[in-house]
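Asks: Sharing a model that was predicted from the sequence below.
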Amino acid sequence: MNILFVASEAHPLIKTGGLGDVAGYLPPALSKSGASVCVAIPGYTEVLEKIPGFKPLDRYHIDGFSVDIIESRLPNSDVKLWVVCCPQLFEREGGPYQDDEGRDWPDNALRFGVFAKVIVAITQNWIELDWPVDLVHCNDWQTGLIPALLKLQTKAPATLFTIHNLAYQGLFPYHDFARLQLPPHLWTHHALEFHEQLSFLKGGLVFADRINTVSPSYAEEIQTREFGCGLDGLLRYRSEALSGILNGADTQQWNPATDAYLASTYNKSTLTKKAINKLALQALFELPQDKTIPLFSVVTRLTQQKGIDLILDAIPMLQNTSLQFAILGTGDKRLELRLRNCARKHRDRFAIKLAYNESWAHLAIAGADAFLMPSRFEPCGLTQLYSLRYGTIPVVHAVGGLMDTVIDASADNLAAKKANGVQYKKDTAKSLVRAIQQTLKLYDDKPVWKSMQRAAMQQDFSWPTAAEQYMALYKQILSGN
């Protein structure tokens, strides 16, 4: 089974979010499960600086551009890596999708349209790499044109399209459709047209053999008007081809027993050592050092999607409650300003660091008692997986992957010693406050709290588990089921 895994980013070469983690960790796990996997990504400046060495494979001319395909290995693995190099499109200062000021590159449609055409050429052996592709695994809107273009070929590999976040759709004006010289019959609401715009994402949703998302609950949610981003009707139409597989977590990098970033390592048998990290976290955030006061942490992008405004709205309702908050991240400048003001007003209980630092992130997850994720939607989520692994009880909005990974502290789940977190259902500050108050009651019952911590640390969200499910899905697709 030859799997061409196509993405616009891959850890550790380049990463902006969860897609980068999936593209970096899933292919090696698939390789260990018996698949022959090759990862294909664009040749951004940052990627070319990081690949350990390469050999040129072939040159291809498309839409007036000269494209070089070079081969390397995905770092720390035996997985083959093909890098699509085109200096005019990919080698520039800034991020993979935006410039240094946070503005989308104006030629994104051209950049990822050409990238898609090159991938199609590889599958048809027009670029003579002599590696027959059985299935192309496409990821997010940047690869959405690939299934559409492959449907134009008489002999094409099977396709799987994974939605990592439906909110990002790759929408462009008609002149980009024309500039890419796409077949006119694709400009219809049954194909790539979406409210008089070109939608890269629709290419994957309409034309891929199968569609999946990064959690089973998110696969259900996106078929509703609330979470479907205007595409819920199409997704309901394709519901038989749609499923969800939970992402994994890097269990080597995120392991409390070996984590070099911690003040003290620990495991589920030595949970008392976790308190050493709590004191270190309080010191880092300049909060009063007290092992007994409940400490909640947040490590995230500071955006409306992540529910940061709900945390801010909840603080006044908790003013007579003994607890602390430590928040780490960057994002929306208006939210950053509100967080600064809140930290000045509540210096002894609310602290922020408007930055992202890997060692701080590890300590924030290990040192806190509970981890807040009030996301309005969350396709999968990774930080709640890390917090579970570290025995830090997640408090989450019951959506998407959060609902699939956090077992709520209901009476039945507590009695069965399965509960590993706290869920709340309504997307309001009052509901978040009630969940925090429930968490505080659980925290005061030390035997119950320790039981929840141990249940959390026993969960298995490893990439090999995810890879087994993807292998089964690949086999279904290739068998025509």
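Replies: Received the coordinates, thanks. Small disclaimer: the values here were computed from a predicted structure and weren't measured.

Asks: Identify each buried residue in stretch 434-443, please.
Replies: 434-436, 438-440, 442-443 (16 or more other C-beta atoms under 10 Å). C-beta: built from backbone N, CA, C; applies to glycine.

Asks: Now find how far off-centre that stretch is within its chain.
Replies: 28 Å (C-alpha atoms, centre = their mean, to the nearest Å).

Asks: for stretch 449-458, same thing?
Replies: 25 Å.

Asks: start the count at 549, not 1, going forward
Replies: Understood, numbering begins at 549; the last thing we discussed is stretch 997-1006.

Asks: can you pull out the strands in the stretch 699-848 of the chain?
Replies: 706-711, 719-720, 741-742, 745-747, 758-761, 790-792, 843-847 (DSSP state E, counting those that start in this stretch).

Asks: measure residue 704 to residue 694 for me?
Replies: Separation of residue 704 from residue 694 (C-beta to C-beta, to the nearest Å): 10 Å.

Asks: for residue 718, same thing?
Replies: 12 Å.

Asks: Which one of those two is surrounded by more residues?
Replies: Using other C-beta atoms under 10 Å, the more surrounded residue of residue 718 and residue 694 is residue 694, with 30 against 24.

Asks: so what's that one up against?
Replies: By C-beta atoms under 8 Å, 6 or more residues apart in numbering, residue 694 lies in contact with 554, 664, 667-668, 684, 686, 707, 751-752.

Asks: In a markdown table: these, plus pLDDT.
Replies: Formatted as a markdown table, those follow (pLDDT from 0 to 100):
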| residue | pLDDT |
| --- | --- |
| 554 | 98 |
| 664 | 98 |
| 667 | 98 |
| 668 | 98 |
| 684 | 98 |
| 686 | 98 |
| 707 | 98 |
| 751 | 98 |
| 752 | 98 |
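
Asks: Could you export these as a markdown table, including neighbour count and distance to residue 943?
Replies: Output for these, formatted as a markdown table (neighbours: other C-beta atoms under 10 Å; distance: C-beta to C-beta, whole Å):
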| residue | neighbour count | distance to residue 943 |
| --- | --- | --- |
| 554 | 28 | 36 |
| 664 | 25 | 41 |
| 667 | 24 | 41 |
| 668 | 22 | 45 |
| 684 | 27 | 39 |
| 686 | 27 | 35 |
| 707 | 25 | 38 |
| 751 | 28 | 38 |
| 752 | 27 | 34 |
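
Asks: and these, which two are the farthest apart?
Replies: The largest separation in these, counting by C-beta to C-beta, is between 668 and 752 at 13.6 Å.

Asks: Am I right that residue 657 is in contact with residue 730?
Replies: No: at 10.3 Å, residue 657 does not count as touching residue 730 under the criterion of C-beta atoms under 8 Å.

Asks: what do the two both touch?
Replies: residue 746.

Asks: Residue 620 - that's part of a strand, no?
Replies: Yes: Residue 620 forms part of a strand when assessed by DSSP: H, G, I helix; E, B strand; the rest coil.

Asks: what bridges to it?
Replies: residue 629 (DSSP bridges).

Asks: Got the confidence number for it?
Replies: Note on residue 620: pLDDT of 96.

Asks: Distance check, it against residue 793.
Replies: Distance from residue 620 to residue 793, by C-beta to C-beta: 27 Å.

Asks: Need the distance between the two termini of stretch 688-702.
Replies: Start-to-end span of stretch 688-702 (C-alpha to C-alpha, to the nearest Å) is 25 Å.

Asks: try stretch 673-685
Replies: Per C-alpha to C-alpha, stretch 673-685 runs 17 Å from first to last residue.

Asks: Just the buried residues of it, please?
Replies: Under 16+ other C-beta under 10 Å, the buried positions of stretch 673-685 are 675, 677, 681-685.

Asks: hang on, the earlier thing: looking at residue 620 and residue 793, which is more packed in?
Replies: Higher neighbour count among residue 620 and residue 793: residue 793, with 22 against 19, using other C-beta under 10 Å.

Asks: show me what contacts the more buried one?
Replies: 760-764, 1014, 1017-1018, 1021.

Asks: Residue 799 - how many residues pack around it?
Replies: The burial count for residue 799: 16, using other C-beta under 10 Å.

Asks: try the one 10 residues further on
Replies: Counted by other C-beta under 10 Å, the residues lying close to residue 809 total 16.

Asks: residues contacting residue 754?
Replies: 695-696, 738-740, 782, 786.

Asks: same thing with residue 620?
Replies: So residue 620 contacts 599-603, 629, 631 (C-beta under 8 Å, 6+ apart).

Asks: Would you mind measuring from it to residue 596?
Replies: For residue 620, the distance to residue 596 - C-beta to C-beta - is 10 Å.

Asks: what residues do these two have in common as contacts?
Replies: residue 631.

Asks: Now do the end-to-end distance for stretch 776-790.
Replies: Span of stretch 776-790 from end to end, C-alpha to C-alpha: 13 Å.

Asks: contact partners of that stretch?
Replies: 714-715, 717, 742-743, 749-750, 753-754, 756-761, 767, 769-773.

Asks: Can you say which of the contacts of residue 620 are buried?
Replies: The buried subset of the contacts of residue 620 - by 16+ other C-beta under 10 Å - is 599, 602, 629, 631.

Asks: could those go into TSV alongside distance to residue 873 and pLDDT?
Replies: Shown next, in TSV, are those (distance: C-beta to C-beta, whole Å; pLDDT from 0 to 100):
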residue	distance to residue 873	pLDDT
599	41	90
602	46	90
629	41	97
631	42	98
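
Asks: Just send those back as TSV, with secondary structure too.
Replies: Below are those laid out as TSV (three-state DSSP):
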residue	secondary structure
599	coil
602	coil
629	strand
631	strand
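
Asks: What residues of the helix or strand harbouring residue 1013 count as buried?
Replies: Following DSSP states H and E, the helix or strand that holds residue 1013 is helix 1011-1026. Under the neighbour-count criterion of 16+ other C-beta under 10 Å, helix 1011-1026 has 1011, 1014-1015, 1018-1019, 1021-1022, 1025 buried.

Asks: Turn the residues you listed into a markdown table, including pLDDT.
Replies: Formatted as a markdown table, the buried residues of helix 1011-1026 follow (pLDDT from 0 to 100):
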| residue | pLDDT |
| --- | --- |
| 1011 | 94 |
| 1014 | 95 |
| 1015 | 97 |
| 1018 | 98 |
| 1019 | 98 |
| 1021 | 98 |
| 1022 | 98 |
| 1025 | 97 |
